[in-house]
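S.K.: Fold the stuff below for me.
(chains A and B)
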Amino acid sequence: MRANSRARACGLLLGGWLALAASTALSAHRLDEYLQAARIDLRPASVSIDLDLTPGAVVAESVIAAIDRDGNGRLSIDEENAYAREIVRQLELRLDGAPLEPQLRSSAFPAIDALRLGEAAIRLRVSASHHTLASGEHQLFFANGHLTRQSVYLANALVPATALVAVTTQHRSADQRELTIDYAVGTAARTGVTSSGLLVGLVAAVLIVRYTRRQGN
Amino acid sequence: MRVAAGIGLVVFAVFVAVAASLPAQRGAAPSASLASADVTTRIVTAAQRVLSTLDEAGRARIQFPFGSEQKARWSNLPSGAFKREGVRLGDLTPAQRTAVMSLLETAFSATGYRKVTEIMRADDVLRDNAGRGGQRGGGRGRGPIPFGSDEYFLAFVGAPSATTPWILQFGGHHLAINMTFGGTRATLAPTLTGAQPATYTIEGRTVRPLGQENDRAFALMASLSADQQKQATLNFAVSDLVLGPGQDGRTIQPEGLRASSLSSAQQTMVLEIAREWAGIANDAYAGPRMEEIRANLPQTYFAWSGPTTPGSVAYFRIQGPTLVIEYAPQRDVDHIHTIYRDPTNDYGAAFARK
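M.R.: Numbers count the residues shown, from 1 in each chain, chains lettered A, B, ... in the order given. Here you go, the predicted model:
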């Protein structure tokens, strides 16, 4: 068993360096890193995460091996789904301090040869539903724990698609593996109506009502 | 009493409606000029000249329906790692290739055309260095990844026209120009530029295809006060483009230093950085585009990640209501990826709305 593991490890290393040799032209590209980019969309009752995972050519063989569990050199739908679910299990989501359970919604895997070249992305869509948030300030914590030793990360909040949500600040760890998003729900901040515009409108309305009352008196 | 309250509510509603309409007005493009009409006609003529040099098979390869998936089929990757459609420069006769380059020269500004050709020359250098056993590069015959200026492709998405929308799509390794025309207007968004090597020498001349982008950004950062630098600085590593290929339709939350807090001179520096991308287009289109970027400057952010010493590896981003620019070195200063987008008008989406 141990010998098999060693042989498999040597095979992966050899495969990685063969990929490196085959793609010397990409030598300044991200060969030995696994780029994992998360883009997070916040809604009043859910969180959606688009996760793009791009293994470099040197680490691609080890990623392929992690997907190709039967080692037959082909990636089946079941193997891809299992790998996608494994990644999702390694995501951490907390809303206002309480854990959320991320669910895999869809996944798209490139051809195995494209993965070997080290530039094709595995794309996952993940979401987590929660109770409809009350108006006010909220905080989402996101952490990606998948293959941390060989990965580089990007993590960003998207401009929310709904005007009911407004992102206020984002805080990240130095490597972007962790992202904390502070956001407000139920404000009119993103409808294009500025707070000063609302204030002016309200003041004008009050003045007109008072003026009309006085005229009536 | 009820009447008074009703009037008050109506006034309030009018204020809300006016305030809500302001962002749309701020983002509106200036009206097209007669100059751009003339330029559009010349570009369409140059595009039709390209078509006239091709045989039937060539015309079938270069032409795609507007609205087809081809418009989003672009990448920073070299051919071989990414399959491009259209006509490949290396497959063209000298006359056909001259017609293509003439089209690009007409569609782009002088500096834009130079930038594009310098990016292509960088790929020649990459190939040649590998051929001499250098650390980088590949080239035909050494593996599955071909490099060099032959490996750039031209496609038309939609028929070249002075009235109906179409896209001039030109790209290869480290280059993806998606120039959408809508009558007399044109947008370059989304466009990707890159360079590897980012500095090379040709006939004794040092060439830096993206040198101005880099130098202007470092100069802006150096001009900021300590407090402004702190606001601009992202205290985390940004190792690649956030809104690169495949990220159409997404807008990330802006971060960094708001340009409204900059001095007039610093705001001009931001605009000059943006011009390095917007100015790739013919001046007739770049002018109105720069006015739009200038109008949105108060809502535009500048963000920086990395050391501030010139020559360092540093990422920066400029983001406003109608603009996203990212400049992302790939672990060293000799390999750069950049992206230029307009969240309101990628692929001329705004042209279709108006």
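
S.K.: Grab the nearest non-local neighbour of the residue nearest the centre of chain B.
M.R.: Residue closest to the average C-alpha location in chain B (C-alpha atoms, centre = their mean): B:T191, at 3.1 Å. Closest residue in space to B:T191, ignoring its immediate chain neighbours: B:Y340 at 4.7 Å, by C-beta to C-beta, 6 or more residues apart in numbering or on different chains. Using the backbone N, CA and C atoms, a C-beta is placed for each residue, glycine as well.

S.K.: Identify the residues contacting the one you found.
M.R.: Shown in contact with B:Y340 (C-beta atoms under 8 Å, 6 or more residues apart in numbering or on different chains): B:188-193, B:277-278, B:324-325.

S.K.: ok, whatever helix or strand it lives in: who's next to it in the sheet?
M.R.: Assigned by DSSP states H and E, B:Y340 belongs to strand B:336-341. Sheet pairing of strand B:336-341 (DSSP bridges) gives strand B:191-195 (antiparallel), strand B:323-329 (antiparallel).

S.K.: Quick one: the ones you listed as TSV, columns for mean pLDDT too.
M.R.: Listed next are the strands paired with strand B:336-341 as TSV, based on pLDDT from 0 to 100:
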stretch	mean pLDDT
strand B:191-195	98
strand B:323-329	98
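
S.K.: Export those strands to TSV and append columns for distance to B:S68.
M.R.: Output for those, formatted as TSV (distance: least, C-beta to C-beta, whole Å):
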stretch	distance to B:S68
strand B:191-195	19
strand B:323-329	24
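
S.K.: Let me know which of these is tucked in deepest.
M.R.: Mean neighbour count (mean count of other C-beta atoms under 10 Å in any protein chain shown) peaks for strand B:191-195 among the strands paired with strand B:336-341, with a mean of 26.

S.K.: helix or strand right after it?
M.R.: strand B:200-202.

S.K.: Which strands or helices does the helix or strand that that following strand is followed by pack on?
M.R.: With elements assigned by DSSP H and E, the helix or strand that comes after strand B:200-202 is strand B:205-207. Identification of packing neighbours for strand B:205-207 by 3 or more C-beta pairs under 8 Å, 6 or more residues apart in numbering or on different chains; DSSP states H and E yields helix B:110-131, strand B:200-202.

S.K.: got a list of what the residue positioned nearest the centre of chain A touches?
M.R.: Taking C-alpha atoms, centre = their mean, the centroid of chain A lies closest to A:A38, which sits 2.4 Å from it. By C-beta under 8 Å, 6+ apart, the residues touching A:A38 are A:49-51, A:142, A:144, A:153-156, A:179.

S.K.: Mind doing that once more with 7 Å?
M.R.: The neighbourhood of A:A38, defined by C-beta atoms under 7 Å, 6 or more residues apart in numbering or on different chains, consists of A:49, A:51, A:142, A:144, A:154-155.

S.K.: who's it bridged to?
M.R.: A:L51, A:A155.

S.K.: any idea how far it is from chain B?
M.R.: A:A38 sits 10 Å away from chain B, taking C-beta to the nearest C-beta, to the nearest Å as the criterion.

S.K.: Could you check the pLDDT of that residue?
M.R.: With respect to pLDDT, A:A38 scores 98.

S.K.: do you know how far it is from B:L154?
M.R.: 35 Å (C-beta to C-beta, to the nearest Å).

S.K.: which one of the helices and strands packed on strand B:205-207 lies closest to B:L220?
M.R.: helix B:110-131 (19.0 Å; C-beta to C-beta).

S.K.: Give me the neighbour count for B:D227.
M.R.: Counted with other C-beta atoms under 10 Å in any protein chain shown, residues neighbouring B:D227 total 10.

S.K.: and it, backbone torsions?
M.R.: Main-chain dihedrals, B:D227, degrees, to the nearest 10: phi -70, psi -40.

S.K.: was I right about B:A176 contacting B:L192?
M.R.: Yes. Here B:A176 reaches B:L192: they are 4.1 Å apart, a contact under C-beta atoms under 7 Å.

S.K.: Excluding chain neighbours, give the residue nearest to A:E137 in space.
M.R.: Nearest to A:E137 is A:A184, by C-beta to C-beta, 6+ apart, at 5.6 Å.

S.K.: Hmm, A:S135 and the one you found touching each other?
M.R.: No. A:A184 is not in contact with A:S135 according to C-beta under 7 Å; the separation is 8.1 Å.

S.K.: Among these two, which residue is more densely surrounded?
M.R.: Neighbour count, other C-beta under 10 Å: between A:A184 and A:S135, A:A184 has more, with 17 against 11.

S.K.: The more buried one and B:T93: what is the separation?
M.R.: To B:T93, A:A184 is 61 Å away according to C-beta to C-beta.

S.K.: for A:S106, same thing?
M.R.: From A:S106 to B:T93 the distance is 46 Å (C-beta to C-beta).

S.K.: got it, and B:D227?
M.R.: 60 Å.

S.K.: how would you label residue 170: helix, strand or coil?
M.R.: Reading this off chain A. On the three-state scheme (DSSP: H, G, I helix; E, B strand; the rest coil), A:Q170 is labelled strand.

S.K.: pLDDT value on it, please?
M.R.: 98.

S.K.: OK, contacts around it?
M.R.: So A:Q170 contacts A:157, A:179, A:181, B:253, B:255 (C-beta under 7 Å, 6+ apart).

S.K.: Identify all residues paired with it through a beta bridge.
M.R.: A:I181.

S.K.: need the contact list for the residue nearest to the centre of chain B.
M.R.: Contacts of B:T191 by C-beta under 7 Å, 6+ apart are B:176-178, B:277, B:280, B:340.

S.K.: Could you tell me which of those residues belong to strands?
M.R.: Mapping the contacts of B:T191 onto strands (DSSP state E) picks out B:176-178, B:340.

S.K.: What ranges does chain B have for its helices?
M.R.: For chain B, the helices defined by DSSP state H cover B:2-26, B:34-53, B:56-62, B:94-107, B:110-131, B:211-223, B:226-232, B:264-278, B:283-295, B:349-353.

S.K.: Now render those helices as TSV, adding mean pLDDT.
M.R.: Compiled in TSV, the helices of chain B are given as follows (pLDDT from 0 to 100):
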stretch	mean pLDDT
helix B:2-26	45
helix B:34-53	94
helix B:56-62	98
helix B:94-107	98
helix B:110-131	94
helix B:211-223	98
helix B:226-232	98
helix B:264-278	98
helix B:283-295	97
helix B:349-353	86
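
S.K.: ok, and the helix or strand in chain A with the lowest average confidence?
M.R.: In chain A, no helix or strand scores lower on mean pLDDT, DSSP states H and E than helix A:2-22, which sits at a mean of 42.

S.K.: can you list the weak-confidence ranges in chain A?
M.R.: A:1-30, A:187-217 (pLDDT under 70).

S.K.: so where do the strands sit in it?
M.R.: A:34-42, A:46-55, A:91-95, A:98-100, A:103-108, A:122-129, A:136-144, A:151-157, A:165-172, A:178-185.

S.K.: Quick check: buried residues in the fourth one?
M.R.: This points to strand A:98-100. By 16 or more other C-beta atoms under 10 Å in any protein chain shown, the buried positions in strand A:98-100 come out as A:L100.

S.K.: For stretch B:230-246, list the C-alpha coordinates in CSV.
M.R.: Coordinates of each C-alpha in stretch B:230-246 appear next as CSV, following Å, rounded to 0.1, in the frame of the first residue of the first chain:
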residue,chain,number,x,y,z
LYS,B,230,-3.2,54.0,3.1
GLN,B,231,-6.7,54.4,1.6
ALA,B,232,-5.6,53.2,-1.8
THR,B,233,-3.7,50.2,-0.6
LEU,B,234,-5.3,46.7,-0.5
ASN,B,235,-3.5,44.9,2.3
PHE,B,236,-3.7,41.6,0.6
ALA,B,237,-2.0,40.0,-2.4
VAL,B,238,-3.8,40.1,-5.8
SER,B,239,-2.2,37.5,-7.9
ASP,B,240,-4.2,37.8,-11.1
LEU,B,241,-7.1,39.7,-12.9
VAL,B,242,-10.3,39.5,-11.0
LEU,B,243,-12.4,40.3,-14.1
GLY,B,244,-10.4,38.7,-16.8
PRO,B,245,-11.6,36.4,-19.5
GLY,B,246,-14.8,34.5,-18.7
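
S.K.: Thank you kindly, that will do.
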